[in-house]
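**Student:** Please work out how this folds:
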Amino acid sequence: MLSERASGILLHPSSLPSRGGIGDLGPAAYAFADWLAAAGQTLWQILPLQPVGCGNSPYSCTSAFAGNVLLISLERLAERGLVDAPRMHEDWDGKSPVDYEAVRAYKMPLLKKAAARFLRSAASSARARYEEFCRQNSAWLDDYVMFNVLREHLGEQPWNTWPTDFSRRDPEAVKKLHTQLRPELDHERFLQFAFFEQWNALRAYCAERGIRIIGDVSIFVSYDSADVWTYPGLFQLKEDLTPKVVAGVPPDAFSKTGQRWGNPLYDWEALHAIGYRWWVERLRWALASCDIIRIDHFRGFEAYWEIPAEERTAVNGRWVQGPNRTFFEALQAALGKLPLIAEDLGYITREVHELRDALEIPGMKVLQFGFGNKGAHIYLPHKYEPNCVAYTGTHDNDTVLGWWATASEEEREHARTYLGIDGDDEVPWACIRGILGSVARLCVVPMQDVLGLGSEARMNVPSKADGSWKWRLERGALTAELAAKLAQLVEITDRDDGVRRALLQRQQGEGEGREEFAA
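**Tutor:** From the prediction side, this is the model:
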């Protein structure tokens, strides 16, 4: 249950205008935190931080626990003597979309050199923190680094195609690998240590400015991931370790064949038998990294769309009951009351609403959806309830300006009447005013909408295999004038109380989590 009015911005770190071809956890991230504070924002919403897999999607990760090392700041490593001052391509300085292959080719050799230098000559205090990180996180870290190193050695092929000793995790074979591949495994461990030290330092900096992080946990994991390789018994797999059934959503107005995501589905009975321990640890880790967690595809916990793995589309799937309240009760028993947001968009039944309301988890309202027929009016501000999070759009939507360009004339006329829009250039800020002035206790606006950008700045097109997740913020776009305009709107809509409260809470716990490694 939400208790205060606040607002924030949706921007994944990969979209920051950092040097080096991709946003990272370096200077541009700190500058963004300063801009958020100047704009009166107390929330920074991000996408999953895990290492990207198929299509470079942060929702198709190779681990539910590890961090995406492409987000490590080379500048921060250089400050600590772990890499030579990097000569980063000036044309990558926030002026071009992310070219993931080029970024990997550029950054990974430098990151591996940094790992070698740290492991060879780190100061005793930094070495002690590294060893403590490895000890505390061994439950996921050891399996992940082995998976990642093996995957690289075996040509990035899916784990089920590896030699049987490796795909089946033969204990003797794995034990030998720990000896044979030790330098490479240690390099991977260091990169995870570096990622989370940089992330925790940035998060502490945000907290000092009254900014909380809204993280994101996808309900499903990628088949080609350390999690499925390590715990195949927790997923519905065949004897040959390939999926029996996969995840997706049924046909709807957006797709006649539905969406076949391809993620393996959980064996919920097996998870229930161990008290949902894997999920408990996943949420424990997420809450150690963020302040609030958005649960993607929340409706899948009530019922999920099960597709036979051999089917090429989602048409011939079926609804299957999920773990429902027993799952969340187990999480709460282990972790206490959870600060969650339910992604409850799409085809949502009465049972899903009842589950969300019984758990007092706020749902999401997306203003773009509200201007169709009367049934869509649940997404308009006059229909909001306080315990919800309002958005102009999400990472899966077009930008407000892009939506406006393709909306029907009827939708535009409804929006003009409802929001008092005179000209097309007014649309993004009219939508922002609409949600910030609502009773929704939390409001989040994609950075693209604050800047009034069109479809060229869209982050993702659902079900599109390639071409998404590339948008980057142009350096210099975040002006003082823009911050002042947003701050004034925050003040007039009474969303500034959270700033003072968050700062007070931070002062009571001053200095936590600020140390960062040094050579």
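
**Student:** Could you find the closest non-adjacent residue to the residue of the chain positioned farthest from its centre?
**Tutor:** The outermost residue of the chain relative to its centre, with distances by CA atoms, centre = their mean, is Glu172 at 36.2 Å. Ranked by CB to CB, 6 or more residues apart in numbering and with sequence neighbours excluded, the top spatial neighbour of Glu172 is Asp165, at 8.0 Å. Using the backbone N, CA and C atoms, a C-beta is placed for each residue, glycine as well.

**Student:** can you tell me how far that neighbour sits from Ala173?
**Tutor:** 4 Å (CB to CB, to the nearest Å).

**Student:** Ile435 now?
**Tutor:** Ile435 is 55 Å from Ala173, by CB to CB.

**Student:** pLDDT below threshold where in the stretch 201-350 of the chain?
**Tutor:** Low-confidence segments of the stretch 201-350 of the chain, defined by pLDDT under 70: 253-254.

**Student:** All the strands of it, in order from the start?
**Tutor:** 212-217, 245-249, 259-264, 292-295, 303-308, 318-321, 340-342 (DSSP state E, counting those that start in this stretch).

**Student:** could those strands be laid out in a markdown table, adding distance to Leu367?
**Tutor:** Converted to a markdown table, these look like this (distance: least, CB to CB, whole Å):
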| stretch | distance to Leu367 |
| --- | --- |
| strand 212-217 | 18 |
| strand 245-249 | 22 |
| strand 259-264 | 23 |
| strand 292-295 | 17 |
| strand 303-308 | 27 |
| strand 318-321 | 29 |
| strand 340-342 | 16 |
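
**Student:** Turn those into JSON lines, including mean neighbour count and distance to Asp99.
**Tutor:** Formatted as JSON lines, the strands of the stretch 201-350 of the chain follow (neighbours: other CB atoms under 10 Å; distance: least, CB to CB, whole Å):
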{"stretch": "strand 212-217", "mean neighbour count": "22", "distance to Asp99": "24"}
{"stretch": "strand 245-249", "mean neighbour count": "23", "distance to Asp99": "29"}
{"stretch": "strand 259-264", "mean neighbour count": "21", "distance to Asp99": "25"}
{"stretch": "strand 292-295", "mean neighbour count": "22", "distance to Asp99": "28"}
{"stretch": "strand 303-308", "mean neighbour count": "20", "distance to Asp99": "33"}
{"stretch": "strand 318-321", "mean neighbour count": "12", "distance to Asp99": "40"}
{"stretch": "strand 340-342", "mean neighbour count": "24", "distance to Asp99": "32"}
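
**Student:** if we compare those strands, which one ends up closest to Glu474?
**Tutor:** Each of the strands of the stretch 201-350 of the chain has some distance to Glu474 by CB to CB; the shortest is strand 212-217, at 23.3 Å.

**Student:** hey, C-alpha coordinates of that closest one in CSV?
**Tutor:** The C-alpha coordinates for strand 212-217 follow below in CSV (Å, rounded to 0.1, in the frame of the first residue of the first chain):
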residue,chain,number,x,y,z
ARG,A,212,14.7,5.9,-4.5
ILE,A,213,15.3,3.3,-7.2
ILE,A,214,12.4,1.3,-8.7
GLY,A,215,13.9,-1.9,-10.0
ASP,A,216,12.3,-4.5,-12.3
VAL,A,217,12.1,-8.3,-11.9
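
**Student:** wait, what's in contact with the nearest residue in space to Pro446 that is not next to it in sequence?
**Tutor:** In space, and not counting its chain neighbours, Pro446 is closest to Leu10: 4.5 Å by CB to CB, 6+ apart. Counting by CB atoms under 8 Å, 6 or more residues apart in numbering, Leu10 makes contact with Gln45, Ile46, Tyr391, Thr394, His395, Val444, Val445, Pro446, Met447.

**Student:** 7 Å instead?
**Tutor:** Neighbouring residues of Leu10 by CB atoms under 7 Å, 6 or more residues apart in numbering: Gln45, His395, Val444, Val445, Pro446, Met447.

**Student:** Likewise for Leu234?
**Tutor:** Tyr266, Asp267, Ala270, Leu271, Trp278.

**Student:** which of the residues you listed lies closest to Met459?
**Tutor:** Tyr266 (27.2 Å).

**Student:** if we can go back for a sec, in helices, which of the contacts of Leu234 fall?
**Tutor:** Residues of the contacts of Leu234 located in helices (DSSP state H): Ala270, Leu271, Trp278.
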